[in-house]
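S.K.: Generate a structure from the sequence data that follows.
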Amino acid sequence: MSPTPDRIRTMRHVTAMVAVDTIDLLAERITNLLAHGRHITIARRYTYVDSPPDLYVGLTVDGEPALRHHSRPLGASFGVHLKPGIRGFGFSAYRDDARTEADAWKAYHAAEGLSDDPFRRRRDMTYVEINGGLPGDGPARDDQLTIRFWNEHGVCDEQVIGFDYDTGPAAEKARQEEAEYDEEFAAVVNMEDR
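M.R.: The predicted structure follows:
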């Protein structure tokens with residue numbers, strides 16, 4: 001039996017396939033993750049290449065995350081623009097694919113993520129793993145989003161999106177207190193060294 005898309009609203013750590021029956025829920029959940037004004041870091045790599053990922057740090061959300069429903073082709077897309085304008089992320093699902101999440105999971109498990117045989121690779125699917133972002137959640141140290149998209153050639157583009165934990169006035173006050181403590185500690189150490 002396949003998991004129901006409703007788990008996207010209730011499980012703190014969830015994996016899901018992007019499909020017509022999950023895209024609205026995934027967009028809602030990711031929008032919740034982005035709602036805290038944190039800096040964002042993205043590690044991006046192509047999984048078939050044995051090289052380090054590209055790393056983008058210090059990014060922030062530019063505007064509002066956008067979920068758009070389309071009539072031609074019938075479906076939806078979700079996109080997030082990031083400042084300084086060099087990177088963003090998102091995904092889409094269309095009824096022409098005739099795929100529910102259950103169908104997408106079947107296709108995911110029937111193919112391989114990496115294969116020397118291009119006909120055995122996963123194609124045209126997006127896997128999402130989310131930690132955090134439940135309704136009412138505040139920022140947490142382990143909040144993370146992973147998006148793996150396999151294109152029509154079976155190439156996987158993986159983006160791991162992390163968030164700074166410290167935000168807002170309370171975090172700034174904590175940083176100031178930590179800096180003051182560090183200064184006091186350094187003064188004590190310097191007195192002992194004399």
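S.K.: hey, where'd the strands end up in this protein?
M.R.: Taking DSSP state E as the criterion, the chain contains strands spanning 13-17, 40-46, 54-61, 66-71, 74-83, 87-94, 125-131, 144-150, 156-163.
S.K.: Which one of those lies nearest to Asn32?
M.R.: Asn32 lies closest, by C-beta to C-beta, to one member of those: strand 125-131, at 9.4 Å. Using the backbone N, CA and C atoms, a C-beta is placed for each residue, glycine as well.
S.K.: Tell me the strands beside the closest one, with direction?
M.R.: strand 13-17 (antiparallel), strand 144-150 (antiparallel) (DSSP bridges).
S.K.: As CSV, the ones you listed with mean pLDDT and mean neighbour count would be great.
M.R.: Putting these into CSV (pLDDT from 0 to 100; neighbours: other C-beta atoms under 10 Å) gives the following:
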stretch, mean pLDDT, mean neighbour count
strand 13-17, 96, 18
strand 144-150, 95, 20
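S.K.: any idea which residue sits dead centre in this protein?
M.R.: Leu145 (2.5 Å; C-alpha atoms, centre = their mean).
S.K.: And that residue, how close does it get to Asp50?
M.R.: Separation of Leu145 from Asp50 (C-beta to C-beta, to the nearest Å) stands at 24 Å.
S.K.: same thing with Asp142?
M.R.: Plainly put, Asp142 is 28 Å away from Asp50 if you go by C-beta to C-beta.
S.K.: before we move on, what about Leu134?
M.R.: 36 Å.
S.K.: Between those two, tell me which one has more neighbours.
M.R.: Taking neighbours as other C-beta atoms under 10 Å, Leu134 and Asp50 compare with Leu134 leading, 16 against 6.
S.K.: List the contacts of that one.
M.R.: Residues in contact with Leu134 (C-beta atoms under 8 Å, 6 or more residues apart in numbering) are 9-10, 12, 29, 32.
S.K.: And it, its phi and psi?
M.R.: Main-chain torsions, Leu134, degrees, to the nearest 10: phi -70, psi 150.
S.K.: any idea how this structure splits into domains?
M.R.: For the chain, automatic domain parsing gives the domain ranges 7-163, 169-194.
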